[in-house]
Each structure stands twice: as structure tokens, then as C-alpha cells.
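Q: quick check, what structure comes out for this input:
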Amino acid sequence: MRGPVGLVGAGEFLPEMDVFDRGLLDGSGAGRPRVAIVPTASYPDGEETFQRWAALGIEHFTRLGAEVEAVLARNRSEADDVAHAQAVGEADLIYFSGGKPAHLLETLLDSALWSAALAANERGAALVGCSAGAMVLAARQVDLRRFMLPWPLRWRDALGVVPGAAVFPHYDAWPEPFTALMALQAPRDILVLGIDEGTAVVGRDGRWQVQGRSRATVWRGRRRERHRAGEAFVL
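A: As a prediction, this is how the structure comes out:
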């Protein structure tokens, strides 16, 4: 049975996400679940930042009782490393943390690591993405490009784990008139899922539930829906 997908607006490895992460670990059915932390999206910010996110992920999930390994794939070449793919393939939970979504997408696309992640999800492992990690799991990913007129948006194909959707993380950190304007530019076959900081949605087969301290916002064209913690919705 295919495993769940978790999308986090922001707050990976913080105590406020303990309940959400522990729920995913408990749902694996493993006595001591294996977690693979993939901090690839942070690598453009430098090696120190990359290593720091790996260490934070290890510390967080070890505290929750898991067996944790950091998969240090910095670029496309390292995403094809056999050892990295094996670590992801054996995990019960695979966590893509935040950073630069374009770098993460370009690194994962058609890689051995991503193939292993999909195979693990097919056998029941959870796929989780936070911020940039959540963006790349959707069908489309929005790039906000500076100094590009008349409108600095590009909608590109992403990894497609969440079909028919694009994810806007950190949704409550931006003025909603701005995010609404972006959402209204989405392709007609794409809905936009905005996820607040400290908040996650988890689901499979199109059915999702909100968890955490705030809410999720779904834009279906010009129609806006709000969903608070505990509520369920369909994409």
C-alpha cells in the first residue's frame, strides 16, 4: 500500500512539529522507524548550512525514537550515488527539508535517489517535504524571478507526487493580496495549496488532513477555501 505524503509550510525539525512527525513514525508500523533526511535544497546556501540542516534533522528524529541517516546529496551527480539511493530506499520516512526549490528539483529529477524514494513510497514509506521540499512534490512548481516583466512567474513541471496542484509554503508570512495574485496566475488545470508556517497537510489518494497550529488555503481558480487543524479536504 502506498505510503502517505506530508507537506509542511515551514518549521521542519522544530518541537512544534513533534506531534505531526511522531504520527508519521507511528504510522509506519516499525518498532524503530528508519528516517532518511535529505537536506539537498539547502546546499546552494553553503556547506555549513547544508550540514547544519542534516544535523538538525538527525537530532530531531532521534529524539522522537527513530533510526536516522542524513543523505548528503549535494547535486545531481551525488543524487545518483548508489549508497544514497540505498539509504532512501530502505527508509520508512523520507524527509526533504527546505532551501532552494529549483536546486532540489534539478537534483532529484530522473535521479537514482528519486527513483528509490518513489519505490519506497509505493511499499508504504512516507514522503515528506517542508517548504522547498513540499513545492517539488507537487505537479507544478512556481519560480518567482526578479526583474522579469511583465510578470515574474514561471510555472514548471515538478515531481508530480501531488497531482494537479502547486504548493505555496510560508503562506501566512506573505500579504494575502500578493499570494492571491500569484495563485490566480496558476494554469487552469492547477489548484494552489497554501500552507501556513508551523502547519502541515498529510494524505494520500487525493484526501488530505490539516495538522499543526494554523491552516491550509486552497485556491481553485478564483474560489478560496480555508481548512484548519483537524479538518479534511480533497484535492
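Q: shouldn't Val201 be within a strand?
A: Yes: with DSSP: H, G, I helix; E, B strand; the rest coil as the criterion, Val201 is located in a strand.
Q: going forward, the N-terminal residue is numbered 35.
A: Understood, numbering begins at 35; the last thing we discussed is Val235.
Q: could you identify the helix or strand that succeeds the longest helix along the chain?
A: Longest helix of the chain, by residue count under DSSP state H: helix 81-97. Heading C-terminal from helix 81-97, the first helix or strand you meet, by DSSP states H and E, is strand 101-104.
Q: just the buried residues of that next one, please?
A: Using 16 or more other CB atoms under 10 Å as the test for burial, strand 101-104 gives Val102, Glu103, Ala104. In short, each C-beta sits where N, CA and C put it, glycine included.
Q: make JSON lines out of those residues and add pLDDT and distance to Val72.
A: Shown next, in JSON lines, are the buried residues of strand 101-104 (pLDDT from 0 to 100; distance: CB to CB, whole Å):
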{"residue": "Val102", "pLDDT": "98", "distance to Val72": "12"}
{"residue": "Glu103", "pLDDT": "98", "distance to Val72": "10"}
{"residue": "Ala104", "pLDDT": "98", "distance to Val72": "8"}
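Q: thought Ala173 was touching Arg190, still the case?
A: No: if you go by CB atoms under 8 Å, Arg190 and Ala173 don't touch, sitting 10.4 Å apart.
Q: what about these two, which has more around it?
A: Ala173 (20 against 12; other CB atoms under 10 Å).
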